[in-house]
Structure formats: C-alpha cells, structure tokens
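> quick one: sequence and predicted model below, then my questions.
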Amino acid sequence: MTLPRSLLAAVIAGAFLAIAATTALVLTGWSVWAGVASSLATVLLVGSVWAAGGRRVAGFLSAVADRAYDAAVLSSLAWVLRDAVPQASLAALLTLAGGFLGAYVVSRGRALGFAAPTVPWERGLRCALVSVALLTGSMLPLWAAAAFALAIALSRAFIVPRGAAA
C-alpha cells in the first residue's frame, strides 16, 4: 500500500519537525520531552520508509531525514553530555559515526554497481534506542545504539563488495 503524495509529504515533513523539536529539547535540557519527540520522529522515519513504496524522491527524502536525525539529535546530545557524562557523549558520537558510515557504504556501493540491501528496521532500532536513553536517562541504550550502528556499518563494509552487481 502506498500513501497519497500529500500524506507522504506530511509524514516526511513531520519527521523533520520532530527531529527539530527533539534537538531543541535536548539542547534546553528537557530530556524526557526530547525522548517523546524522538519517539515520534522514530515512528515517522520508519513509517516514511514503508510509505515511500519505491518512490525515488520520497525514498531519498526519507534517507535525508534519517541522516538529519543522526546529525541533529546525536550531535546535540554529545554536546550537552560532553562535560557531565563524557562517556555518554562518546556513545552519541560513535552512534553518529556508525550511522553515517553505514549510509555511506550503501550509497557508495550502489554507485559502484553493487547490490546494497538495507532493511527499514535498522534505522528504527537505532533511533528507538536513542529515544529510550532520553526517556529513561540511562546511557546503556545509547551504548547499545553505538554498538548496533557500528556493527551494521562494519558488516556492510564486508558484505556490499561481495554482493552481486545490481
């Protein structure tokens, strides 16, 4: 099932708004509300992948929104935590690096003609773990997100070159 273009545009725009709200709430110290906004962003990001239904522009915008989540939310979290909890700041930066590296491997692999499969739940799990960290104040989910993002990036770096040409 594919959504009408206007509804799909609203889902993607909503994801960007939820990302902006999450970032603002993280930077102002409202971590529980940031967790709520991050949870909404997660639902909208994952929903936009399924709703895109093979539409190239929608798929592209959904991927941009995913990178925007990583860049805005994780960098603001790393910034806020840098003095108080430097280990958590490191976890946020590792999650950010893993998310970007994984996306780069897929993008570069596809540009070189390799099949580079992805699954929608990867982005959802990474964002959900960040949301849980914000909601609970526990940094364990943030470390889990970092480990997950780095494991996905490394596995893609080994899998994509071995894939058949697309």
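Cool, the structure landed. Note that the structure is a prediction, hence the values are computed from the model and not measured.
> give the buried residues for the worst-scoring helix or strand of the chain on mean pLDDT.
None of the helices or strands of the chain scores lower by mean pLDDT, DSSP states H and E than helix 56-69, at a mean of 79. Under the neighbour-count criterion of 16 or more other CB atoms under 10 Å, helix 56-69 has 58, 61, 62, 63, 65, 66, 68, 69 buried. The C-beta positions use only the backbone N, C-alpha and C, and glycine is treated the same way.
> just stretch 103-122 next, same as before
Buried, per 16+ other CB under 10 Å, within stretch 103-122: 103, 105, 106, 109, 114, 116, 122.
> for the least confident helix or strand of the chain, name the packing helices and strands.
Of the remaining helices and strands, those touching helix 56-69 by 3 or more CB pairs under 8 Å, 6 or more residues apart in numbering; DSSP states H and E are helix 5-27, helix 31-52, helix 86-111.
> which one of these is the most hemmed in?
helix 31-52 (a mean of 21; mean count of other CB atoms under 10 Å).
> how big is the angle separating it from helix 56-69?
Helix 31-52 runs at 160 degrees relative to helix 56-69, counting by axes from the mean of the first three to the mean of the last three CA atoms, to 10 degrees.
> where does the protein dip in pLDDT?
1-3, 49-55, 58, 163-166 (pLDDT under 70).
> please redo it, this time with the cut-off set to 90
Low-confidence segments of the chain, defined by pLDDT under 90: 1-15, 40-67, 102-124, 127, 155-166.
> just to revisit the earlier point, can I get the helices and strands packed on helix 56-69 in a markdown table with distance to residue 79?
Listed next are the helices and strands packed on helix 56-69 as a markdown table, based on distance: least, CB to CB, whole Å:
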| stretch | distance to residue 79 |
| --- | --- |
| helix 5-27 | 7 |
| helix 31-52 | 13 |
| helix 86-111 | 8 |
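> of the ones you listed, which is nearest residue 74?
helix 86-111 (4.1 Å; CB to CB).
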